[in-house]
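**Q** only geometry, no sequence info:
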């Protein structure tokens, strides 16, 4: 976690429902370090009770839990009218879990084992979500202007010709400006690829996008966050 | 496992039931035969008595009581009808002619039970036709019904013997069949126990009779074969894990141990840790690829099959990989028919197309031309990825689908040797056939889906 991202978020209250102590402690410590407050529960029933009693900004729920499993926990919460964002943690062998989890009402999922930077990026994306409810037509960031209706991009007023994929990539990065966006998040949201491709297509597409955006020796808009992903800075 | 006793076997119960049914029908046939015979014989007897009575009445009609008496006496004397007896009585039951008077003076049929007489021991049933003659006298023609009773007795006896015989044969046959059945079950049970005990190559015995049990045993043997091949597959995977994951894990261990023993700077440690994490990620990636293959092979994803637009999938994959190909100095030519659909799993088909094209880019030299085409004839859908690279020698074309198999020429390129295994598993799940052939020069991969078949999956 870099300092800028810690500063750019207000403190959020996050509940971790996870039976594995190691994972629970690792996630809790990481989130606290990132400036959030974190509650934790060891099983489904304890988690459900806490989620109902205390208002949280985000729930991180393990799919497999003793007692009440994650899927039913989320279903119960959703049917009770609780709209708090939920991030599911699933094991890597459950390739059907994602669809099931999202259908049950979860907002995102993460396959175990995961890097904390990946979790952190997704947590930030989820916490940011409610602010985006107003449909924007034009995104503005550091001299970059993205017209979502006309699908055109301008930098300092100069038109930049982008391929549809490059446009979607840029749009996703800019929509998450100020946040770290991981390679997996890009694969899932820009390409709809839910597997781990051997070839790093993200890197290639980012470098193309960069060269188009930065043509004429302009400062780089897309920052590479080592070991995590990419970030576009919020309005300079 | 304890076998049931003979009387507890299904075949014994079945034969007992059949025996019971058979006995019931046998009994009803017996009763019917008895009643019918009785009735017919009685009718015959009555007819002959009636004829005799009518004859005698006509004697009376022509010559009165005297003529009748003479006729009866003559018949008796000359024993013309030795089985008939006659009697003529008045209204006070006094005998006027003949010698039998034990009947009621009323027109019609009567039966009388005669107790033992000197010449005939035992009771005897008599049939009597009584005819009213003028002047209040009655003619009785009597005949013994003994033979009807005897016939009835004979029938009952015959059926009783038959009954006993049926019971003996039925029970004996049932026992014999049950024992044969039990023996067969016993041998199957023993075979099953041998398999449970660990002899996985053991198969259930199948006799040449080809009865239901043999058919069952055949099916069970096929099931055992399938299970056997699955177990072999699992063993293969465990061997693969042991072999192909040990190497990177031991490399990692060496590097970490090395880092521990050296006095490195903080930056150097950071670098080593980052490297170790990368290594672990590779190992985890291999793990998840293997688990993915086994999940695909389990077929559970079939339940979520939907109609997917294969053209869109292939186009998006080409779109994603074109910059990569260009970066490596390779060209992709696409010839994709629009709106080719297939019943399947979008996510998996995307991975399939990606892996095929990715392989073509990854394992070919600079300046390679790669052609991707998708076409559908309505009956079958064909996805082709062809390149003009070095190709794969025929001997290795099947091997590349095996898990962790890597051609000598591609050992140095990144990858885990699972890409084509995943492709094969996904193609198989969708009922597709994968054929590798020579593109003269290069490799041509043709994946064919039969549309009809995929609908029934």
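**A** Yep, it's here. None of these values were measured; they are calculated from a predicted model.

**Q** The one residue sitting closest to the centre of chain A: what's it in contact with?
**A** Nearest to the mean C-alpha position of chain A, by Cα atoms, centre = their mean, lies residue A:122 at 2.5 Å. For residue A:122, the contacting residues are A:87, A:108, A:110, A:182, A:185, by Cβ atoms under 8 Å, 6 or more residues apart in numbering or on different chains. Every C-beta, even on glycine, is put in place using the N, C-alpha and C of the backbone.

**Q** Mind doing that once more with 6 Å?
**A** Residues near residue A:122 by Cβ atoms under 6 Å, 6 or more residues apart in numbering or on different chains: A:108, A:110.

**Q** I'd like the average pLDDT over the helix or strand containing it.
**A** Assigned by DSSP states H and E, residue A:122 belongs to helix A:116-128. Averaging pLDDT along helix A:116-128 gives 87.

**Q** tell me the SS of residue B:381?
**A** Put simply, residue B:381 is strand when judged by DSSP: H, G, I helix; E, B strand; the rest coil.

**Q** Model confidence for it, exactly?
**A** pLDDT, residue B:381: 93.

**Q** In chain B, what residue spans correspond to strands?
**A** B:84-90, B:95-98, B:108-114, B:124-133, B:137-144, B:306-309, B:331-336, B:341-344, B:369-376, B:380-387, B:432-438, B:443-450 (DSSP state E).

**Q** In JSON lines: those strands, plus distance to chain A and mean neighbour count.
**A** Shown next, in JSON lines, are those (distance: least, Cβ to the nearest Cβ, whole Å; neighbours: other Cβ atoms under 10 Å in any protein chain shown):
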{"stretch": "strand B:84-90", "distance to chain A": "100", "mean neighbour count": "21"}
{"stretch": "strand B:95-98", "distance to chain A": "107", "mean neighbour count": "19"}
{"stretch": "strand B:108-114", "distance to chain A": "88", "mean neighbour count": "13"}
{"stretch": "strand B:124-133", "distance to chain A": "88", "mean neighbour count": "18"}
{"stretch": "strand B:137-144", "distance to chain A": "94", "mean neighbour count": "22"}
{"stretch": "strand B:306-309", "distance to chain A": "11", "mean neighbour count": "14"}
{"stretch": "strand B:331-336", "distance to chain A": "13", "mean neighbour count": "15"}
{"stretch": "strand B:341-344", "distance to chain A": "14", "mean neighbour count": "21"}
{"stretch": "strand B:369-376", "distance to chain A": "13", "mean neighbour count": "19"}
{"stretch": "strand B:380-387", "distance to chain A": "15", "mean neighbour count": "22"}
{"stretch": "strand B:432-438", "distance to chain A": "18", "mean neighbour count": "16"}
{"stretch": "strand B:443-450", "distance to chain A": "17", "mean neighbour count": "19"}
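
**Q** now residue 89, which residues is it bridged with?
**A** Unless you meant another one, I'm taking chain A. residue A:62, residue A:110 (DSSP bridges).

**Q** think we crossed wires, I meant chain B
**A** Here residue B:89, judged by DSSP bridges, has bridge partners residue B:95, residue B:138.

**Q** follow-up on the earlier one: give the rounded mean pLDDT of the following helix or strand past the helix holding residue A:122.
**A** Sequence order places strand A:138-141 as the next helix or strand after helix A:116-128, per DSSP H and E. For strand A:138-141, the mean per-residue pLDDT is 81.

**Q** Contacts for strand A:138-141, please.
**A** So strand A:138-141 is contacted by A:146-147, A:174, A:177, A:235 (Cβ under 6 Å, 6+ apart).

**Q** Highest neighbour count among those residues?
**A** When neighbours are taken as other Cβ atoms under 10 Å in any protein chain shown, the top entry among these is residue A:146 (24 neighbours).

**Q** so which helix or strand takes in that one?
**A** Using DSSP H and E, residue A:146 falls in strand A:144-147.

**Q** what's that strand packed up against?
**A** Applying 3 or more Cβ pairs under 6 Å, 6 or more residues apart in numbering or on different chains; DSSP states H and E, one finds that strand A:144-147 makes contact with strand A:152-155.

**Q** Which parts of the strand it packs on count as buried, going by neighbours?
**A** Of all the residues in strand A:152-155, those buried under the rule 16 or more other Cβ atoms under 10 Å in any protein chain shown are A:153, A:155.
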